[in-house]
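**Student:** The following block contains a protein sequence and its predicted model.
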Amino acid sequence: MDILTLLGLLIGFGAIIGGNILEGGHTSSLMQMTAGLIVLGGTVGAVLVQTQLTVFVRSLKMLLWVFKPPKVEQQAAVEKIVGWSNIARKEGLLGLESLVESETDPFARKGLQLLVDGSEPEAIRNILEVEIGVKEHFDTQAAKVYEGYGGYSPTIGIIGAVMGLIHVMNNLADPSKLGSGIAVAFVATIYGVALANLIFLPVANKLKGHIHNQAQFREMVVEGVISIAEGENPRNIETKLEGYLG
C-alpha cells in the first residue's frame, strides 16, 4: 500500500474542507450534486472522445498502481541474473534451459529463452528493447488519460459556473432560486480545479513514475542478459547491474 497517496489525499482535501470550516462555512455548502454531475460527466465524456478503447481500459487497470504499486525487486533481480551468469559460465548457456519455465517474470523469461536459443547479443538487445519501448509507450498513453481528466475538468468547471450564472440571470425575478444557481456556479469551479490538482494530475504523474521504474528494471535485465551472452565475468556483471540500484 502506498501510504503517501492516502496521506496526500487526506491532507489535500482535509486542508480545503478544514479551511472552509475555519472561515465559518458549512461542509454542506460544498456538496452540490448538480455541479458534480456537470464536472464529472463532462470531464469523462471529453476524455472518452479523445481516447482509444484499449488505452482507456488499460488506464482503469493501472489506477490500482496509485495505491498498490507494482513490485520492482531490483536487488533480487541482480542476484538472480548473477546466478544465471555463474550457471552459464560452468555449464554453458544450455545449462539455463531448466530455469526458463520456472521464471515468473515474463520479460526475464523471454530474455532467458533467447539466451538458451543461442541468439546473438545484438539480436537479443533489439528484440527486448522493442518490447520495452512498446510497453512503455502504451502504459504512458494510459497514464496520459488522467492528464486529460486534469486538463478538461477545470474548463468543464467553468462551463458549470457559467450555466449556474445563466440560471441566476433567468430567475432574477424569483429571489428564492438565486441561491442555488450561485452555489452551482461557484462549487462547479471548485470541483473542476480541485479534482484536476488533487487527484487527476497527481495520479498521472505517479503512474508515469511507476512506468519509468518498470522500464529501468527491464533495461537492467537486458543489460544482464546481454552480458551473459557476451561471456562476461559474473563479478563484472554484478558490479555493472548494481549501478541500476537506487
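**Tutor:** Thanks, I have it.

**Student:** and the gap between the residue most central in space within the chain and Phe200?
**Tutor:** Centroid-nearest residue in the chain, with CA atoms, centre = their mean: Leu207, separated by 1.7 Å. From Leu207 over to Phe200 the distance is 11 Å, taken as CB to CB, to the nearest Å. Placement of C-beta: from N, CA and C, glycine included.

**Student:** Where do the domain boundaries of the protein fall?
**Tutor:** 1-31, 33-246 (automatic domain parsing).

**Student:** Out of those, which one sits most buried?
**Tutor:** domain 33-246 (a mean of 17; mean count of other CB atoms under 10 Å).

**Student:** and Ser153, what helix or strand is that in?
**Tutor:** helix 121-170 (DSSP states H and E).

**Student:** so for that helix, what's the average pLDDT?
**Tutor:** Mean pLDDT, helix 121-170: 92.

**Student:** can you check stretch 21-36 too?
**Tutor:** Stretch 21-36 comes out at a mean pLDDT of 80.

**Student:** what about that stretch, how long is it end to end?
**Tutor:** 20 Å (CA to CA, to the nearest Å).

**Student:** can you give me how far it is from the chain middle?
**Tutor:** Counting by CA atoms, centre = their mean, to the nearest Å, stretch 21-36 is centred 31 Å from the centre of its parent chain.

**Student:** and what of stretch 46-62?
**Tutor:** Per CA atoms, centre = their mean, the centroid offset for stretch 46-62 relative to its chain is 13 Å.

**Student:** ok so, going back, which of the domains of the chain has the lowest mean pLDDT?
**Tutor:** Among these, domain 1-31 carries the lowest mean pLDDT (a mean of 85).

**Student:** hang on, the earlier thing: now for Leu207 and Phe200: what residues contact both?
**Tutor:** Tyr146 (CB atoms under 8 Å, 6 or more residues apart in numbering).

**Student:** Tell me which other helices or strands the host helix or strand of Lys61 touches.
**Tutor:** Element membership for Lys61 (DSSP H and E) is helix 53-62. If you count contacts as 3 or more CB pairs under 8 Å, 6 or more residues apart in numbering; DSSP states H and E, helix 53-62 packs onto helix 121-170.

**Student:** Tell me which helix or strand comes right after the helix it packs on.
**Tutor:** Following helix 121-170 toward the C-terminus (DSSP H and E): helix 178-195.

**Student:** With just CA atoms, put that next one into PDB.
**Tutor:** The C-alpha atoms that make up helix 178-195 are tabulated as PDB, following Å, rounded to 0.1, in the frame of the first residue of the first chain:
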ATOM      1  CA  LEU A 178     -30.900  32.700  -6.900                       C
ATOM      2  CA  GLY A 179     -29.100  31.000  -4.100                       C
ATOM      3  CA  SER A 180     -29.000  27.500  -5.800                       C
ATOM      4  CA  GLY A 181     -27.800  29.000  -9.100                       C
ATOM      5  CA  ILE A 182     -25.000  30.900  -7.500                       C
ATOM      6  CA  ALA A 183     -24.000  27.900  -5.400                       C
ATOM      7  CA  VAL A 184     -23.700  25.700  -8.500                       C
ATOM      8  CA  ALA A 185     -21.700  28.400 -10.200                       C
ATOM      9  CA  PHE A 186     -19.000  28.600  -7.600                       C
ATOM     10  CA  VAL A 187     -19.000  25.000  -6.500                       C
ATOM     11  CA  ALA A 188     -18.600  23.700 -10.100                       C
ATOM     12  CA  THR A 189     -15.400  25.800 -10.400                       C
ATOM     13  CA  ILE A 190     -14.100  24.400  -7.100                       C
ATOM     14  CA  TYR A 191     -14.900  20.800  -8.200                       C
ATOM     15  CA  GLY A 192     -13.100  21.300 -11.500                       C
ATOM     16  CA  VAL A 193      -9.900  22.800 -10.100                       C
ATOM     17  CA  ALA A 194      -9.800  20.600  -7.100                       C
ATOM     18  CA  LEU A 195     -10.200  17.300  -9.000                       C
END
